[in-house]
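Student: Coordinates for the following, if possible.
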Amino acid sequence: MKFSYQWLKELVPHIPAPDALVDLLTFHSFEIESVEKKGKDHVIDIKILPDRISDAGSHWGLAREVAAVAGVPYNNPAKKLSPSIFGGKASASLFSLDVEDHAVCARYIGCAVSNVKITASSQKDKARLALFGMNAINSLVDFANIAMLETGQPLHVFDMDKIVGRRVFVRKARKGEKILALDNIEYPLDESMTVIADDAGPLAIAGIKGGKRAEVDMHTKNILVEAAFFDSASIRKTVRALKFSTDASTRFTQGIDPNAPQPGAARLVDLILKNTKGKVVGHIDYNPHPQTPRTIALRKEKADAVLGTSIDEKEMVSVLERLGFGVRHMKGPREILLKNAKKLVGRPYYFGASAMYDAPRRFDCSSLMVYLFRSIGSQLPRMSYEQYAYGTPVEESEILPGDLVFRERAAKEDDWKHDVGHVGLYIGGGKVIDASSKKGKVSLRPLKEFQKEARRYFGARRVLPADHTPHY
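Tutor: All right, here's what the predicted structure looks like:
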């Protein structure tokens with residue numbers, strides 16, 4: 001992935017010289033593929049693996065990384081962008097949004113801007129895009145590419161007046177549908193592919209390429225800015241079927257931040273308002289399951305053991321803060337565990353729920369335990385029988401709040417090959433919190449009821465040491 005040194009320098013004024021920066025990143029963060037001097041700039045090609053694309057696959061993200069490892073200030077542009085830039089909710093007469101393929105599209109932001117004035121891009125923007133092999137088209141299209149390179153979020157701009165019916169659909173393509181794309185090639189679509197469409201048919205191939213029919217041109221006056229989060233596996237499958245990829249599809253398939261649509265769209269709207277005299281007239285933000293900030297507990301002893309070294313506690317906190325994390329000292333992890341568990345009582349049960357993507361909206365028994373223990377820095381195996389094997393046996397007379405209790409499933413399934421099938425969290429006072437299919441929710445109930453709900457009770461296991469030390 002390529003980066004402009006001068007662009008990074010705008011964000012990190014005290015950035016090391018290019019050669020020193022290469023050494024710094026090589027030692028701390030990434031493998032450098034090449035460095036090429038182009039005019040007064042240097043283009044640095046960095047091998048960023050997929051697990052770091054979401055946080056470092058953009059100029060803003062890499063600048064934060066550079067500032068953190070160099071110990072210098074970072075001028076974070078994201079702090080200047082507020083969701084209020086999108087204006088109020090769009091009226092149905094302005095445009096509507098219907099996300100039918102919600103399994104592929106977890107979030108979609110559409111922001112309408114009126115009375116834009118499109119021009120040719122500045123020489124600076126043209127030169128900057130040329131560094132990345134991008135041709136300048138017009139100010140709007142170029143702003144979308146610049147905002148993507150800055151934030152890492154793929155973006156698209158539609159001509160609002162070309163959207164038939166002013167209705168936008170995110171749906172599966174229909175049998176026999178085709179789209180004439182921006183590259184003037186007509187692509188056949190099938191039912192496995194997701195498209196952005198209006199009443200007349202596809203406007204874009206979701207996450208990959210826009211279509212000609214709603215293309216922005218020099219006559220465009222009213223636009224719809226799009227920023228979305230699409231499922232990486234679905235986009236990858238479509239790319240393989242169509243046999244081409246784009247900058248946008250590459251980012252989606254490698255995995256972007258689920259929260260990236262908001263700052264990405266805000267940055268693009270910000271550029272449009274500053275340079276085209278446009279006016280925001282409304283927006284729609286489809287975000288049924290918001291990704292809430294997560295608390296990650298970290299023990300110094302664990303970090304030292306994993307890294308094979310010893311880092312001063314103050315330096316560890318400083319590094320995390322430079323990377324943008326909020327850091328606080330957590331006292332009493334056991335008490336926090338129990339407090340968090342009680343807050344979840346009443347949440348619905350869902351078999352196969354993911355601790356990462358379904359929590360904290362819904363749980364099954366073992367995902368509830370994974371979610372709760374992750375919040376205090378303990379990583380449990382996924383399945384209940386694995387959690388049973390992971391823990392240390394505890395006598396009934398010695399059970400403590402925070403211990404896990406295990407039994408058979410209340411309704412044993414034919415393909416279940418393990419005796420242990422259900423887990424709960426003992427919270428003291430003879431009470432257990434568990435996500436039960438029979439109850440249909442996370443419930444607080446007597447341990448005796450938990451034990452008798454199935455034929456066999458397997459006892460308690462401890463995964464949180466009695467003298468568990470504080471975390472950061």
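Student: What strand or helix carries residue 340?
Tutor: Using DSSP states H and E, residue 340 falls within helix 333-343.
Student: List the buried residues in that helix.
Tutor: Residues 333, 336, 337, 338, 340, 341 are the ones in helix 333-343 that count as buried (16 or more other Cβ atoms under 10 Å). For the C-beta atoms, the positions are set from N, CA and C on the backbone; glycine is no exception.
Student: ok, the fourth one touching residue 401?
Tutor: Spelled out, it's residue 338. Yes. Between residue 338 and residue 401 a contact is recorded at 5.7 Å, counting by Cβ atoms under 8 Å.
Student: what angle separates the helix or strand where residue 372 lies from helix 333-343?
Tutor: In this assignment (DSSP H and E), residue 372 forms part of helix 365-374. Relative orientation of helix 365-374 and helix 333-343, computed by axes from the mean of the first three to the mean of the last three Cα atoms, to 10 degrees: 140 degrees.
Student: List of residues touching helix 365-374?
Tutor: Outside helix 365-374, the residues that touch it by Cβ atoms under 8 Å, 6 or more residues apart in numbering are 296-297, 337, 340-341, 344, 353-355, 358-360, 363, 379-384, 387, 404, 422-425, 433-436, 442, 463-464.
Student: Let's see that with 6 Å instead.
Tutor: Identification of contacts with helix 365-374 by Cβ atoms under 6 Å, 6 or more residues apart in numbering yields 337, 340-341, 353, 355, 359, 380, 383-384, 422-423, 434-435.
Student: Tell me the most packed of these, by neighbour count.
Tutor: With neighbours taken as other Cβ atoms under 10 Å, the top of the contacts of helix 365-374 is residue 435, carrying 30 neighbours.
Student: looking at it, it is touching residue 442, isn't it?
Tutor: Yes. Using Cβ atoms under 6 Å, residue 435 is in contact with residue 442, at 4.8 Å.
Student: tell me, what's touching those two both at once?
Tutor: residue 363.
Student: Would you confirm that residue 284 belongs to a strand?
Tutor: Yes. Counting by DSSP: H, G, I helix; E, B strand; the rest coil, residue 284 is part of a strand.
Student: Let's verify the spatially closest residue to it that is not a sequence neighbour: helix, strand, or coil?
Tutor: With sequence-adjacent residues excluded and distances taken as Cβ to Cβ, 6 or more residues apart in numbering, residue 284 is closest to residue 97, at 4.6 Å. The local conformation at residue 97, judged by three-state DSSP, is strand.
Student: Now do the contacts for residue 97.
Tutor: Residue 97 neighbours (Cβ under 6 Å, 6+ apart): 110, 168, 284, 286.
Student: just the buried members of these?
Tutor: Using 16+ other Cβ under 10 Å as the burial test, those include 110, 168, 284, 286 as buried.
Student: Mind putting those residues into CSV with distance to residue 211 and pLDDT?
Tutor: Converted to CSV, the buried ones among the contacts of residue 97 look like this (distance: Cβ to Cβ, whole Å; pLDDT from 0 to 100):
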residue, distance to residue 211, pLDDT
110, 16, 97
168, 13, 98
284, 20, 97
286, 21, 96
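Student: Return the member of those residues nearest to residue 235.
Tutor: Closest approach to residue 235 among those (Cβ to Cβ): residue 286, at 17.6 Å.
Student: so how far is residue 210 from residue 137?
Tutor: Computed with Cβ to Cβ, to the nearest Å, the distance linking residue 137 and residue 210 is 11 Å.
Student: Which one's more surrounded, these two?
Tutor: Ranked by neighbour count (other Cβ under 10 Å), residue 137 and residue 210 place residue 210 first, with 24 against 18.
Student: and the residue nearest to the more buried one when sequence neighbours are not counted, what is it in contact with?
Tutor: Excluding the flanking residues, the one nearest residue 210 by Cβ to Cβ, 6+ apart is residue 204, at 4.4 Å. Applying Cβ under 6 Å, 6+ apart, one finds that residue 204 lies in contact with 196, 210, 211.
Student: what would those look like in TSV with secondary structure and distance to residue 67?
Tutor: Output for those, formatted as TSV (DSSP: H, G, I helix; E, B strand; the rest coil; distance: Cβ to Cβ, whole Å):
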residue	secondary structure	distance to residue 67
196	strand	36
210	strand	34
211	strand	40
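Student: Closest one to residue 45 out of those, please.
Tutor: Among these, residue 210 lies closest to residue 45 (Cβ to Cβ), at 26.9 Å.
Student: just checking, the closest one touches residue 183?
Tutor: No. Residue 210 sits out of contact with residue 183 when judged by Cβ under 6 Å, with a separation of 9.7 Å.
Student: Can you give me the first-to-last residue distance of stretch 195-204?
Tutor: Terminal residues of stretch 195-204 are spaced 6 Å apart (Cα to Cα, to the nearest Å).
Student: Now do the buried residues in that stretch.
Tutor: Applying 16+ other Cβ under 10 Å to stretch 195-204 flags 195, 196, 197, 198, 201, 202, 203, 204 as buried.
Student: now that stretch, how far from the centre of its chain.
Tutor: 26 Å (Cα atoms, centre = their mean, to the nearest Å).
Student: Could you pull out the strands in the stretch 251-400 of the chain for me?
Tutor: 279-286, 392-394 (DSSP state E, counting those that start in this stretch).
Student: Would you give the sheet partners of the shortest one, along with the direction of each?
Tutor: Okay, so that is strand 392-394. Strand pairing for strand 392-394, using DSSP bridges, gives strand 457-462 (antiparallel).
Student: Next, give phi and psi for residue 19.
Tutor: Per-residue torsions, residue 19: phi -60, psi -40 (degrees, to the nearest 10).
Student: Could you check how far it is from residue 367?
Tutor: Taking Cβ to Cβ as the measure, residue 19 falls 48 Å from residue 367.
Student: before we move on, what about residue 324?
Tutor: 28 Å.
Student: what helix or strand does the residue nearest to residue 41 when sequence neighbours are not counted sit in?
Tutor: Once flanking residues are discounted, residue 41 sits nearest to residue 6: 4.6 Å by Cβ to Cβ, 6+ apart. If you go by DSSP H and E, residue 6 is part of helix 5-11.
Student: Helices along the stretch 351-472 of the chain, start to end?
Tutor: Secondary structure of the stretch 351-472 of the chain by DSSP state H, counting those that start in this stretch: the helices cover 365-374, 384-390, 447-452.
Student: list the buried ones in the helix or strand residue 236 falls within?
Tutor: For residue 236, the host element (DSSP H and E) is helix 232-242. Across helix 232-242, burial judged by 16+ other Cβ under 10 Å covers 232, 234, 235, 236, 238, 239, 242.
Student: Identify the residues contacting the last one.
Tutor: The one in question is residue 242. Applying Cβ under 6 Å, 6+ apart to residue 242 gives the contacts residue 187.
Student: so where's the chain shaky on pLDDT?
Tutor: Across the chain, the ranges flagged by pLDDT under 70 are 410-417, 466-472.
Student: longest single helix anywhere in it?
Tutor: Identified as the longest helix of the chain according to DSSP state H is helix 261-276.
Student: how far does that one sit from the chain's center?
Tutor: 20 Å.
Student: sorry, back to before: columns distance to residue 246 on top of the buried residues of helix 333-343, output as a markdown table?
Tutor: Listed next are those as a markdown table, based on distance: Cβ to Cβ, whole Å:
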| residue | distance to residue 246 |
| --- | --- |
| 333 | 46 |
| 336 | 45 |
| 337 | 45 |
| 338 | 49 |
| 340 | 42 |
| 341 | 45 |
